[in-house]
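Asks: Here's my sequence, what's the structure:
(4 chains)
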There are 2 protein chains.
Amino acid sequence: MPRSPKAAPQASPPIVDLGELPGHIGYVVRRAQVAIFQHIIRAMAPLNVRPGQFSVLTLVGANPGIRQTAISEALGIRRANLVALVGELERRGWVQRATVVGDRRAHGLRLTAKGRAALARLKTLAAGHERRVTRTITSREKRDLMRLLRRIRDAST
Amino acid sequence: MPRSPKAAPQASPPIVDLGELPGHIGYVVRRAQVAIFQHIIRAMAPLNVRPGQFSVLTLVGANPGIRQTAISEALGIRRANLVALVGELERRGWVQRATVVGDRRAHGLRLTAKGRAALARLKTLAAGHERRVTRTITSREKRDLMRLLRRIRDAST
DNA sequence: TATTGTTATACTCTATAACTATA
DNA sequence: TATAGTTATAGAGTATAACAATA
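Replies: Residues are numbered from 1 along each chain as shown, chains lettered A, B, ... in the order given. From the prediction side, this is the model:
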């Protein structure tokens, strides 16, 4: 059973000195990530879909016949943990596992018609979410933000 | 027992179309956050300290006598989950729980001498980590990045 | 009545190891 | 031998509800 994650209670704040935390990129990125995820989970609540499921659905939609291992490497989700995730998408009738011709070990994943409809709906919800959370920055600022984050990510290896 | 989180295996990547994911702020922020956290956990491995513990230590250091509820609200960690976290810091001899004069329900947290030494060491490790992960961006870019992330976070309520 | 810290509990996400069936 | 998917399992992190002590 999924739960709607509520923000931690932000009651009358006693003035707390955060020290050097606000100067740490890890702290600021983490707080932003949590806030964004809470927002998108709320946005996708009508379909009860979580970010991980959305990203897998997106990959299957963009790469019909893709193998679980390829998804694993592309998204940084371990193969073992994808089993239940894909299983849930299959249980919902959104994704099909079909054996790949020429390699009977592998499963080629495809969206069903229902899955394509769900993904279309989710993309609309995601777009609305995106507009909301980026409403106070310009598209140029968003582009710069993404570029800097990718550089930070590349530098964090 | 803590484990050293390894990056998900990034083997010979079959070309996968990520669809619209790279255009989603949530996706880019999340991937960056995971990479940064893996990096800082490695950086703090000598003291076997995780990001949550570091942030609590920082707050106690900057706010001697702070109550657990104040930490909870400042960091977005629920009171209930702070119990074990602070307990571990106390077990390590880094933090003391003392009853607050005038309110015997509360615990005022303070660093011990050992805790101050540990925090000093951690701040050095954190600074090294910070230099590494931001080495490919300018200080102006870092400032802009933080500003934009805070705006995204504020917009995600 | 409300608040502080706490306990108990459960769910999600992530991690490793080992298995099976194929290659 | 190696790979794809799977199972079993364990550890973080995070969520809720309810309790005792105190305000």
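Asks: Kindly list the longest strand within chain A.
Replies: Looking across chain A with DSSP state E, the single longest strand is strand A:103-111.
Asks: list the helices and strands the helix or strand following it packs on?
Replies: Next along the chain after strand A:103-111, taking DSSP states H and E as the criterion, comes helix A:113-133. Packed against helix A:113-133 by the contact rule (3 or more Cβ pairs under 8 Å, 6 or more residues apart in numbering or on different chains; DSSP states H and E) you find helix A:25-43, helix A:51-62, helix B:25-43, helix B:139-155. Every residue, glycine included, has its C-beta placed from N, CA and C.
Asks: Quickly check: the first one near chain B or not.
Replies: Going back to what we said before, that points to helix A:25-43. Yes: Helix A:25-43 reaches chain B (Cβ under 8 Å from any Cβ of the partner chain) through A:25-40.
Asks: Can you give me the buried ones in the longest strand of chain A?
Replies: A:A106, A:H107, A:G108, A:L109, A:R110, A:L111 (16 or more other Cβ atoms under 10 Å in any protein chain shown).
Asks: isn't the fifth one right next to A:V60, touching?
Replies: Right, A:R110. Yes: the criterion here is Cβ atoms under 8 Å, and A:R110 meets it with A:V60 at 6.7 Å.
Asks: Now the common contact residues for those two.
Replies: A:V95 (Cβ atoms under 8 Å, 6 or more residues apart in numbering or on different chains).
Asks: Tabulate the CA atom coordinates of stretch A:32-43 in CSV.
Replies: Extracted C-alpha coordinates of stretch A:32-43, given in CSV (Å, rounded to 0.1, in the frame of the first residue of the first chain):
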residue,chain,number,x,y,z
ALA,A,32,15.4,20.3,-3.2
GLN,A,33,15.1,16.7,-4.3
VAL,A,34,12.9,15.7,-1.4
ALA,A,35,10.6,18.7,-2.0
ILE,A,36,10.4,18.0,-5.8
PHE,A,37,9.6,14.3,-5.2
GLN,A,38,6.9,15.1,-2.6
HIS,A,39,5.4,17.4,-5.2
ILE,A,40,5.5,14.9,-8.1
ILE,A,41,4.1,12.1,-5.9
ARG,A,42,1.2,14.3,-5.1
ALA,A,43,0.8,15.2,-8.8
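Asks: List of residues touching that stretch?
Replies: With Cβ under 8 Å, 6+ apart as the test, stretch A:32-43 has contacts from A:4-7, A:50-51, A:54, A:125-126, A:128-129, A:132-133, B:25-26, B:29-30, B:33, B:76, B:149-150, B:152-153, B:156-157.
Asks: picking that back up, compare the helices and strands packed on helix A:113-133 and give me the one nearest DNA strand D.
Replies: Counting by Cβ to the nearest atom of the strand, DNA strand D lies closest to helix A:25-43 out of those; the figure is 6.5 Å.
Asks: Residue numbers of chain A in contact with DNA strand C?
Replies: On the criterion Cβ under 7 Å from any atom of the strand, DNA strand C has as its neighbours in chain A the residues A:1-3, A:50-52, A:76-78, A:80-81, A:102-105.
Asks: from the residues you listed, which is closest to B:S139?
Replies: A:G76 (29.1 Å; Cβ to Cβ).
Asks: Just read off the phi/psi values of the closest one.
Replies: Backbone torsions for A:G76, taken as degrees, to the nearest 10, come to phi 70, psi 30.
Asks: Would you confirm that it contacts B:R31?
Replies: Yes: look at A:G76 against B:R31 with Cβ under 8 Å: they come within range, at 7.2 Å.
Asks: Of these two, give the one with the bigger neighbour count.
Replies: Under the criterion of other Cβ atoms under 10 Å in any protein chain shown, the comparison of A:G76 against B:R31 puts B:R31 first, with 20 against 16.
Asks: and the gap between the more buried one and A:S156?
Replies: When Cβ to Cβ, to the nearest Å is applied, the distance between B:R31 and A:S156 equals 10 Å.
Asks: still on that earlier bit, at contact distance from chain B, anything in the longest strand of chain A?
Replies: No: Strand A:103-111 is not in contact with chain B by Cβ under 8 Å from any Cβ; minimum separation 11.6 Å.
Asks: what's the spacing between that strand and its chain's center?
Replies: 22 Å (Cα atoms, centre = their mean, to the nearest Å).
Asks: cool, and stretch A:147-157?
Replies: Worked out by Cα atoms, centre = their mean, stretch A:147-157 lies 18 Å from the chain centre.
Asks: And stretch A:19-26, by the same measure?
Replies: Distance, centroid of stretch A:19-26 to centroid of chain: 25 Å (Cα atoms, centre = their mean).
Asks: Any buried residues in that stretch, and which?
Replies: A:G19, A:L21, A:H24, A:I25, A:G26.
Asks: which residues touch that stretch?
Replies: A:27-28, A:152, B:33, B:36-37, B:40, B:51, B:55, B:58-59, B:61-62, B:123, B:126, B:129-130, B:133-134, B:142, B:145-146.
Asks: Chain B versus A:N48, what's the distance?
Replies: As judged by Cβ to the nearest Cβ, to the nearest Å, A:N48 and chain B stand 17 Å apart.
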